[in-house]
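Asker: Sharing a sequence plus its predicted fold:
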Amino acid sequence: MTRFPQSSHDFEERLLTDLKAHIVRRSEAAPAARRSGRRRLVGGRRLAGAFALVVALTAGGLAVQTLGVGEQSPPTASAAEIFRLAADAARQQPELTARPDQYVFTELLATMRERPGSGPYTTVRTQLWQSAGGVAYTQARYRPESDPNGWGDLRELRLGDPADPEKELDDFPPPAYHGGLPTDPDALLEHLRKNPVDLHLPEAADEEAVYGSDSMAYTTARSMLDGYVPPRALAALFEVLAREPGAVVISRDVVDAAGRHGVAIRMPGVIGGNYDFVFDRDTHVYLGTRMSLVRDGSESLYSEAALLRVGVVDRPGQLP
């Protein structure tokens, strides 16, 4: 089984902490009347799932959707078929190019639940500026979706040291622009096997067993959705994911934070919960992610995310 990578977890925790801190600051200001071995992913990103949990945090209408988690009707298409349709949609997208000194800009709606399994949901609009060439730290800013004027300050996000959670790592994240990837699915799968995402495993982990597992290439493939993948390579990536055993379609209508109707594919190997990719119901364009938790045999939607736009800019704070 695979888990969210340790490096991803550290980065996600930092994002969650920042989001929660921003929400607390905004509420307080409102009137009272209201690891050991490291491996690099060539042409990719080490921060697997960093976008995923921030993006695994969006949900307009979550209160309604929570009631339906786990209610599945018979699938009308297989996960492999949906991924192949997503590959066809990816090929139609315009291609962005980026210099190493530029930034990949991502905007999304991120919704978090105050406590797993209970408490209200809070939706935050999030903007990320990730170094295209891996030569600078990621920067981000947030605002409550209910407050168009509530943007917080732009701030750097840094990975924590898995051996010391209070300590930040000094190295920059890998490139956010996934250029130079194979566009043939077989060649891309081989590339992923030879260049696994860095999991920042703890010292006691069996690194050889983890990196040598058949699922590792798919874990690496999924991590690449955190950054920008050019259209032809993205199509190959979806075709690779179409081969992953265990993925299933949640064949009911899913409405994301932006009001878009989608179909969700539940990915295998997540411990303690479920992790879904969401694709547009009609066009099959990738929309984002959602995550639910399983406790005592029951499942509840914890977070969901809607990817709004991606662009390339020259500096943090600049919009495409």
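Answerer: That came through, no problem.
Asker: mind listing what the top strand by length along the chain pairs with, with the direction of each?
Answerer: For the chain, the longest strand by residue count, based on DSSP state E, is strand 298-313. Here strand 298-313 has these sheet partners by DSSP bridges: strand 103-115 (antiparallel), strand 286-295 (antiparallel).
Asker: Distance to residue 128 and mean neighbour count for the ones you listed - can I get that in CSV?
Answerer: C-beta here means a position set from N, CA and C on the backbone, and glycine is covered the same way. What follows is these, written out as CSV (distance: least, CB to CB, whole Å; neighbours: other CB atoms under 10 Å):
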stretch, distance to residue 128, mean neighbour count
strand 103-115, 5, 21
strand 286-295, 14, 22
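Asker: mind showing which ranges of the stretch 1-150 of the chain have poor pLDDT?
Answerer: Across the stretch 1-150 of the chain, the ranges flagged by pLDDT under 70 are 1-76, 116-117.
Asker: Kindly recompute the last result at 50.
Answerer: The model of the stretch 1-150 of the chain has pLDDT under 50 over residues 1-16, 19-20, 22-75.
Asker: how about the strands paired with strand 298-313, which one is nearest residue 85?
Answerer: Minimum separation from residue 85 across these (CB to CB) falls at strand 286-295, 11.0 Å.
Asker: A strand includes residue 245, no?
Answerer: No: assessed with DSSP: H, G, I helix; E, B strand; the rest coil, residue 245 is coil; it does not lie in a strand.
Asker: which residues does it contact?
Answerer: Contact analysis of residue 245 by CB atoms under 8 Å, 6 or more residues apart in numbering lists residue 268.
Asker: need the helices for the stretch 151-300 of the chain, in chain order.
Answerer: 185-194, 207-211, 216-223, 231-241 (DSSP state H, counting those that start in this stretch).
Asker: If you compare the directions of the last one and helix 185-194, what angle comes out?
Answerer: Computed by axes from the mean of the first three to the mean of the last three CA atoms, to 10 degrees, the angle separating helix 231-241 from helix 185-194 equals 80 degrees.
Asker: Return the list of helices and strands in contact with helix 231-241.
Answerer: helix 79-91, helix 185-194, helix 216-223 (3 or more CB pairs under 8 Å, 6 or more residues apart in numbering; DSSP states H and E).
Asker: model confidence over the longest strand of the chain, on average?
Answerer: For strand 298-313, the per-residue pLDDT values average out at 90.
Asker: And for stretch 152-171?
Answerer: When pLDDT is averaged over stretch 152-171, the result is 73.
Asker: measure that stretch end to end?
Answerer: Distance between the two ends of stretch 152-171: 25 Å, counting by CA to CA, to the nearest Å.
Asker: now do stretch 147-155
Answerer: Terminal-residue distance, stretch 147-155 (CA to CA): 19 Å.
Asker: Just the buried residues of it, please?
Answerer: Neighbour-count burial for stretch 147-155, counted by 16 or more other CB atoms under 10 Å, picks out 150, 152.
Asker: picking that back up, export the helices of the stretch 151-300 of the chain to CSV and tack on mean pLDDT?
Answerer: CSV is the format used below for these (pLDDT from 0 to 100):
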stretch, mean pLDDT
helix 185-194, 95
helix 207-211, 81
helix 216-223, 89
helix 231-241, 97
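Asker: So which of those is nearest residue 141?
Answerer: Among these, the nearest to residue 141 by CB to CB is helix 216-223 (23.7 Å).
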